[in-house]
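Undergrad: my questions are about this predicted structure, shown below with the sequence.
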Number of protein chains: 2
Amino acid sequence: MAEKITPKEQNYSQWYVDIVLKAKLADYAPVKGCMVIRPRGFAIWEMMKSALDNMFKETGHQNAYFPLLIPDSFLKKEAEHVKGFSPELAVVTHGGGEKLEEPLAIRPTSETIIWSMYKKWIQSYRDLPLLINQWANIVRWEKRTRLFLRTTEFLWQEGHTAHASEAEAEEETLRMLMVYKKFAEEFMALPVLTGMKSESEKFAGAVQTYTIEAMMQDKRALQTGTSHNLGQNFARAFDVTYQTQDGNLDYVWATSWGVSTRLIGALIMAHSDNRGLVLPPNLAPTEVLIIPIFQNRNKAEVIGYTRRLYEQLRQEFRTEIDDGDQNSPGWKFSEAELRGIPVRIEAGPRELNKNQAVLVRRDTGEKLNVPADELKAKIKELIRDIQNTLFHRALTFRKENTHQASDYSSFKEILESRAGFIECGWCGSPECEAKIKEETKATIRVLPLGRNGGDDKSCIYCGAKAKELAVFAKAY
Amino acid sequence: MAEKITPKEQNYSQWYVDIVLKAKLADYAPVKGCMVIRPRGFAIWEMMKSALDNMFKETGHQNAYFPLLIPDSFLKKEAEHVKGFSPELAVVTHGGGEKLEEPLAIRPTSETIIWSMYKKWIQSYRDLPLLINQWANIVRWEKRTRLFLRTTEFLWQEGHTAHASEAEAEEETLRMLMVYKKFAEEFMALPVLTGMKSESEKFAGAVQTYTIEAMMQDKRALQTGTSHNLGQNFARAFDVTYQTQDGNLDYVWATSWGVSTRLIGALIMAHSDNRGLVLPPNLAPTEVLIIPIFQNRNKAEVIGYTRRLYEQLRQEFRTEIDDGDQNSPGWKFSEAELRGIPVRIEAGPRELNKNQAVLVRRDTGEKLNVPADELKAKIKELIRDIQNTLFHRALTFRKENTHQASDYSSFKEILESRAGFIECGWCGSPECEAKIKEETKATIRVLPLGRNGGDDKSCIYCGAKAKELAVFAKAY
């Protein structure tokens, strides 16, 4: 038997950690708050990277690489930025055996170092837009960490763009938000709400932060990606001006946007079950695993048969075969489930004789007997169906756990007894927001796009006329 | 006109820097010794990564990610290793506003952190071989830096494998050396010598270091990749034992191997000329650039024609079209040459009328008139030919600049008057090697594989019977 996973109904946090460790996705590193991403976890990240990178390139972005180390003075140039990030910095004070004249921070994000370069590269409107993305590691000194979801070091991408107008920067900010939404929904099978953050939750240095927010299986919210309109804040801090088409000088407009290895945590928490990981096929490093079932007397024939199936299928699907005899078929089935492989194929002497195979879906456990010559078509159909099923299951779950509240006592009652997302009116004041957080731990996750600002509602806390429709939840 | 490049005959170093900066491959960062890899340079790195990554995966390796920060005490566990790397460390002393109990080094290489994890993951021969690679950033505090060739921070890959026997580890070390050789020769069009390093030049902590060495156009050597047999050194330092098949306990055998963004420097120095970069097609982000030549009166027709060519070609080649009218065709030609694009297509009204196009090779400057319906076939042929031409040109250059020396005065005479590689006998003593270095600045680049150990020769320095055939050169 594969190792036992704590049932999520019993202890959700432990269930999550069990999956990460036992499916060998990641491990604790010897450095506080850091993780090692093991090959099985990294293979998922590689698939995420490749899908996102294609989407970034299709929208005109190029990759580049900026230094890891940022002079302390750079981080101080944008007032909000330094306030937000200075408590989390890792600082290099010595290099090559000597004390440095100026300490260097390990990048907690790269706006400052990048805008110091943009100053050299941007002179005229002809140099705009400048659309650059970077895949990199980031260090933020976190007090409480959790594998993938919040670690001292993590991997991410950060887009940093420069534009000739406010409108263009806003358009870019929203374009990339929609790229993230598409990625979450089509690849991760993860439905997300899109919208703005409130002042208190926005990125340090941004004019506006947009977010995609997802619901995990414990009904808590997880911020899975953000896209920031930075206005002219960083251009002013680094004195980046450009000659406009009509010959004037203006500060450049900026955006930045990022997603990280946190997405792997979201993927695990959204779909997995008590037998292990459940991967949407579009992000499964192995889509199909073939397990032959044999005894000594029929080993050669059965393995020969499944290897022929393997040769057929590998042209079309990311396929593996496990025909070793160190482990029993039962152990291999459990292991396939633990690893979250979408489709498992079992074939023994009976299947060989009938020239068929048994297909087992990871998401529902359903078993199908399929003739060998229909295997490809059937697997293609299954894979599409598993991807859809996971998305709709998560969407239904979110809908069932999204509630409306019109007064504060029902708001609190929902949070305590049912949890989930609560939609309600908000007057827009940071005070009401802070009080709610203090009293209930719920925060505004998102002010949804494309919904009217709660005109017909009152603020859930103070009862004044609402300015915004807000979605509150407890969050990771 | 594109910006002027210093001729290499006049000032080779400045020629190199001019190409890097003016072709926008990289830029100086505001942090000492660091560089920014700009989109055009990074696109080359992405092509290198993708080709190498495929080769690693074909040879059974998986990617993973280990932490950036390494506890100081880890680096001290292997005696040679700490001696080699401690002078180059960047050290984090503060995190989250507090002084750390133990300083953390930014990885100068990852053997120590990885072997601390292998201790957790390896128990039995069943867990071996463990074949892991990591793509990561590295920091080494360098005194004298040069864009791509030696920078404080650089990007690389590092393979770290664990084996059940000495023979298997040696086999792996040589396998990866051959992967590097194949990559250098088939993708970079760069002929390399393969062989061992002498004791004084080997990796700190290795039993044996193998290297691929290339000759640059100034006849100096550049080490372009290394593969190390680490024996049981790191297994002993981190106490990584495994249960052997016959029930005993033994230390695990290790290898590590890496190539870095230095390869981009090698690529530039090996093939480029006074008009700019020359890229081998297999690593050219853009293989074909189409430049329409038009006046106002025929603009629409000519652009229409070249766009039809573009639509045809882009299915088969990485193709770009530059049909803007901000710059003249002459400027665009220079820019295409500066960027090193292997094949340029020019087409104006005359070509439109004849339904043909002019192809210009970057490597030779040769121009060809080609009928439109033969374009694809001709470009395919050209691209193959350019790749071959670059390789053979570099190979001929190396051969012409490789000399034999049988006594020390001719050795010195060759170095002074002709430079290049010198093959000669060496008695194997570190003293002779050190003296030669001190007196001539030449070092042993490689003890070539597959050549007999100079049995018939005498040591170039002391005249004693030679133990090895050595290749000496001045190096980067």
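TA: Arrived safely, thanks for sending. Residues are numbered from 1 along each chain as shown, chains lettered A, B, ... in the order given.

Undergrad: just to be sure, A:V370 is in a strand?
TA: Yes - using DSSP: H, G, I helix; E, B strand; the rest coil, the assignment for A:V370 is a strand.

Undergrad: give the buried residues for the helix or strand where A:Q387 lies.
TA: Using DSSP states H and E, A:Q387 sits in helix A:375-400. For helix A:375-400, the neighbour count (16 or more other C-beta atoms under 10 Å in any protein chain shown) marks A:375, A:379, A:382-383, A:386-387, A:389-391, A:393-394, A:397-398 as buried. (Glycine included, C-beta is placed from N, CA and C.)

Undergrad: now do the strands in the stretch 51-200 of chain A.
TA: For the stretch 51-200 of chain A, the strands defined by DSSP state E, counting those that start in this stretch occupy A:62-63, A:69-71, A:90-95, A:98-106, A:130-139, A:153-163, A:193-196.

Undergrad: got a markdown table for the ones you listed, with mean neighbour count, mean pLDDT and distance to chain B too?
TA: Shown next, in a markdown table, are these (neighbours: other C-beta atoms under 10 Å in any protein chain shown; pLDDT from 0 to 100; distance: least, C-beta to the nearest C-beta, whole Å):
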| stretch | mean neighbour count | mean pLDDT | distance to chain B |
| --- | --- | --- | --- |
| strand A:62-63 | 18 | 98 | 4 |
| strand A:69-71 | 24 | 97 | 5 |
| strand A:90-95 | 21 | 97 | 4 |
| strand A:98-106 | 16 | 96 | 7 |
| strand A:130-139 | 21 | 98 | 6 |
| strand A:153-163 | 23 | 98 | 5 |
| strand A:193-196 | 21 | 97 | 29 |
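
Undergrad: can the least confident helix or strand in chain A by mean pLDDT be said to contact chain B?
TA: Scoring the helices and strands of chain A by mean pLDDT, DSSP states H and E places helix A:79-85 at the bottom, with a mean of 89. No - against chain B, helix A:79-85 shows no contacts by C-beta under 8 Å from any C-beta of the partner chain, the least distance being 11.1 Å.

Undergrad: identify the residues contacting that helix?
TA: Applying C-beta atoms under 8 Å, 6 or more residues apart in numbering or on different chains, the contact partners of helix A:79-85 are A:75-76, A:108-109, A:111-112, A:140, A:203-205, A:233-234, A:237.

Undergrad: out of those, who has the most neighbours?
TA: Ranked by neighbour count (other C-beta atoms under 10 Å in any protein chain shown), those have A:E111 at the top, with 31 neighbours.

Undergrad: who are the contact partners of A:M196?
TA: The neighbourhood of A:M196, defined by C-beta under 8 Å, 6+ apart, consists of A:208-211, A:446-447, A:449.

Undergrad: who's it bridged to?
TA: When assigned by DSSP bridges, A:M196 has beta-bridge partners A:Y210, A:L447.

Undergrad: what segments of the stretch 251-400 of chain A are strands?
TA: Using DSSP E, counting those that start in this stretch, the strands assigned to the stretch 251-400 of chain A run over residues A:253-260, A:288-292, A:319-321, A:343-347, A:356-361, A:367-371.

Undergrad: dump the ones you listed to CSV, plus mean neighbour count, distance to chain B and mean pLDDT.
TA: Output for these, formatted as CSV (neighbours: other C-beta atoms under 10 Å in any protein chain shown; distance: least, C-beta to the nearest C-beta, whole Å; pLDDT from 0 to 100):
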stretch, mean neighbour count, distance to chain B, mean pLDDT
strand A:253-260, 26, 12, 98
strand A:288-292, 25, 16, 98
strand A:319-321, 19, 13, 98
strand A:343-347, 23, 21, 98
strand A:356-361, 20, 25, 98
strand A:367-371, 13, 30, 98
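
Undergrad: returning to that earlier point: how about the contacts of A:M196 in a markdown table, adding neighbour count and pLDDT?
TA: Shown next, in a markdown table, are those (neighbours: other C-beta atoms under 10 Å in any protein chain shown; pLDDT from 0 to 100):
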| residue | neighbour count | pLDDT |
| --- | --- | --- |
| A:Q208 | 19 | 97 |
| A:T209 | 24 | 98 |
| A:Y210 | 29 | 98 |
| A:T211 | 25 | 98 |
| A:V446 | 25 | 97 |
| A:L447 | 23 | 96 |
| A:L449 | 14 | 87 |
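
Undergrad: closest one to A:E433 out of these, please.
TA: Distance to A:E433 across the contacts of A:M196 (C-beta to C-beta) is lowest for A:L447, with 11.0 Å.

Undergrad: in this structure that closest one contacts A:K197, no?
TA: Yes - contact status for A:L447 versus A:K197: in contact at 7.5 Å, counting by C-beta atoms under 8 Å.

Undergrad: among the contacts of A:M196, which one lies nearest to chain B?
TA: Nearest to chain B among those, counting by C-beta to the nearest C-beta, is A:T209 at 23.2 Å.

Undergrad: okay, the closest one and A:W257: tell me how far apart.
TA: 10 Å (C-beta to C-beta, to the nearest Å).

Undergrad: quick one: common contacting residues for the two?
TA: Listed as contacting both A:T209 and A:W257 by C-beta under 8 Å, 6+ apart are A:226-228.
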